[in-house]
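Engineer: Got a predicted structure here, sequence first:
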Amino acid sequence: MKDMPIYNWDSVAKEQMNPFLVRQVIHGDLMTIARLELAKGCSVAEHSHHNEQISMVQSGRVLFNVGGVASTVGAGETVRIPPNVPHFVEVVEDCVVFDLFSPRREDWIRGDDAYLRAK
């Protein structure tokens, strides 16, 4: 390996997905990591994808509904969303969440992320 990419979230481009959601993304060869700033009142419509997802709440609180099971997840807590399981979120308090996906989010790379661009 010739170089080791080093990323600083302060330098990663921010995408204003909708009035409540700002996304930063780093795509590796096999996985994607996203840093999401979510405002209270934000919701992400029910969806599913073939990627396994790990969501780590850094600050605030988020209601996750995964496969019909709802749980409020707070700062320092992590939830695992298996591949192909329908899920949605409702933001209870302003928060920062890190989402890790494997394999990487090819749909995001293509711009197929309309479900995040809606209120």
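Structural biologist: Received it, and whenever you're ready, just let me know what you need.

Engineer: What residues are bridge-paired with the most centrally placed residue in the chain?
Structural biologist: The residue lying closest to the centre of the chain (Cα atoms, centre = their mean) is residue 99, at 4.1 Å. When bridges are called by DSSP bridges, residue 99 pairs up with residue 34, residue 55.

Engineer: Now for it: which residues touch it?
Structural biologist: Counting by Cβ atoms under 8 Å, 6 or more residues apart in numbering, residue 99 makes contact with 32, 33, 34, 36, 53, 54, 55, 56. C-beta here means a position set from N, CA and C on the backbone, and glycine is covered the same way.

Engineer: What is the burial count for residue 81?
Structural biologist: Residues within reach of residue 81, counting by other Cβ atoms under 10 Å, total 21.

Engineer: Thought residue 69 was touching residue 79, still the case?
Structural biologist: No - with contacts defined as Cβ atoms under 8 Å, residue 79 does not count as touching residue 69, sitting 10.3 Å away.

Engineer: Which one's more surrounded, the two?
Structural biologist: Comparing residue 79 with residue 69 by neighbour count (other Cβ under 10 Å), the higher total belongs to residue 79, at 17 against 9.

Engineer: three-state assignment of residue 63?
Structural biologist: Put simply, residue 63 is strand when judged by DSSP: H, G, I helix; E, B strand; the rest coil.

Engineer: Can you flag the buried ones in the contacts of residue 99?
Structural biologist: 32, 33, 34, 36, 53, 55, 56 (16 or more other Cβ atoms under 10 Å).
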